[in-house]
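Q: Below are the sequence and a predicted model; questions follow.
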Amino acid sequence: MELLSKKLTDYILEKGIIDKCNYEIYLYGFQIFLELSLNILCSIIIAILLDMKIECLLFFLFFIPLRSYNGGLHMERYLSCLLLSCTTLAVALLIVKNFTVAPIISYLLYTISVTIIIITGPINHPNREVNADEDIRFKTKTKITLTLNFIISIVFLVTGNHKYLFLESLVYTIVSSTLLIGRMKYVKKR
């Protein structure tokens, strides 16, 4: 992605579309755009191949806000991140497609995961420290997200969508696991 981003940025610089002083900004923007586009494309392909488009959307509905406000494990290289993300999505969807658990098991996983998420709080990454104001804001947004998702889980329970309830508990298990791993990894680096 870095090489392609560099080529795109060099191209628009040569064409006079941007100034040299903005080179790094465009380079970063292209890289983020390309990486995000590839992640989305791979996720769509996984959802289509598994015939689980709604489940994939729900996965990201639960995953993205929690991950955005709490951080967690980050891979050193983009390819590692892409492979881990695709594997995680595919495995979670396959588990939900092939197994059903009783709602009590889903709520047990859910409760353990929420407890871990609340206790660990936002994880500081060495490249992105969270200051005190951000920490408060992220914790507040996490509580709002947890509350809304709990309401959604109740709707799943009442409507008999045990598969979606199980998916939600799996997402929470994944997020809490990455928080714990991130906490261990980044505390060692300091």
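A: Looks like it arrived, so ask away. Given the structure is predicted, the values throughout are model-derived calculations rather than measurements.
Q: Low-confidence ranges, this protein, go.
A: Counting by pLDDT under 70, the chain contains low-confidence ranges at 125-128, 188-190.
Q: The chain - how does it break down into domains?
A: Per automatic domain parsing, the domain ranges recorded for the chain read 1-49, 52-189.
Q: could those go into JSON lines alongside mean neighbour count?
A: For the C-beta atoms, the positions are set from N, CA and C on the backbone; glycine is no exception. Supplementary listing: the domains of the chain in JSON lines, determined by neighbours: other Cβ atoms under 10 Å:
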{"stretch": "domain 1-49", "mean neighbour count": "13"}
{"stretch": "domain 52-189", "mean neighbour count": "16"}
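Q: Show me where this structure has its helices.
A: In the chain, helices defined by DSSP state H lie at 2-14, 23-49, 53-70, 78-98, 103-120, 132-159, 162-189, listed in chain order.
Q: so what's Val171 up against?
A: With contact set as Cβ atoms under 8 Å, 6 or more residues apart in numbering, Val171 has these partners: 59, 62-63, 66, 92.
Q: Of all pairs in those residues, which one is the farthest apart?
A: For those, with distances taken as Cβ to Cβ, the pair at the greatest spread is Leu66 and Ala92 (13.8 Å).
Q: Now do stretch 89-97: distance to the chain's middle.
A: Here the centre of stretch 89-97 is set off from its chain's centre by 15 Å, with Cα atoms, centre = their mean, to the nearest Å.
Q: how much space between Glu55 and Ile40?
A: Distance of Glu55 to Ile40, given as Cβ to Cβ, to the nearest Å: 16 Å.
Q: actually Ala102, not the one I wrote
A: Using Cβ to Cβ, one gets 34 Å for the distance from Ala102 to Ile40.
Q: Check Leu109 too.
A: In this structure, Leu109 and Ile40 are 27 Å apart, going by Cβ to Cβ.
Q: Ok, His162 next?
A: Using Cβ to Cβ, which is the criterion applied here, His162 is 28 Å from Ile40.
Q: Ok, Lys139 next?
A: From Lys139 over to Ile40 the distance is 28 Å, taken as Cβ to Cβ.
Q: Repeat that for Asp19.
A: Going from Asp19 to Ile40 by Cβ to Cβ gives 30 Å.
Q: try Tyr11
A: Distance, Tyr11 to Ile40, by Cβ to Cβ: 23 Å.
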